[in-house]
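> Okay, sequence plus prediction incoming.
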Amino acid sequence: MFFDFGAGEVFGLALLAIILVGPDRLPNLATDAAKLVKKIKALSQTATSELRQNLGPGFEDLKPSDLHPKKFIKKHITNALEEDESAPAKFKAKIDPDLL
């Protein structure tokens, strides 16, 4: 299941929620939680699209997972090495992106 919860844990959490919140307010709480999740998702999508726009050309295919520093540097070094191979040069830097 989600977050590695089993059926017993989910049932226990639902029972605990009914006891703590009460059966009358539980549907409203679930609705409010769903609205909060939708707002957070929309906020993250907006932030990602604004980041793509502000970074400029070359970052149209940016994903939030690409912002991990190791992946970000590895991607750009690989792109730079590919561009460097097409240009004639006497001295080429030999950088292995797997070492980063």
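Nice, I can see it. Residues are numbered from 1 along each chain as shown.

> Do you have the strands of the protein handy? List them.
Applying DSSP state E to the chain gives no strands.

> So which residues of it form helices?
Ranges of helices in the chain, per DSSP state H, are 7-21, 26-55, 69-86.

> of these, which approaches L62 most closely?
Evaluated with Cβ to Cβ, the helices of the chain place helix 26-55 nearest to L62, the distance being 5.2 Å. Using the backbone N, CA and C atoms, a C-beta is placed for each residue, glycine as well.

> Between helix 7-21 and that closest one, find me the angle.
110 degrees (axes from the mean of the first three to the mean of the last three Cα atoms, to 10 degrees).

> start at 95 instead
Yes, from this point I'll number from 95; that puts the last item at helix 120-149.

> Let me know the average pLDDT across helix 120-149.
Average pLDDT, helix 120-149: 89.

> And stretch 157-168, by the same measure?
79.

> How about that stretch, which residues are buried there?
Within stretch 157-168, the residues scored as buried using 16 or more other Cβ atoms under 10 Å are K168.

> Ends of it, what's the gap?
End-to-end span of stretch 157-168 (Cα to Cα, to the nearest Å): 15 Å.
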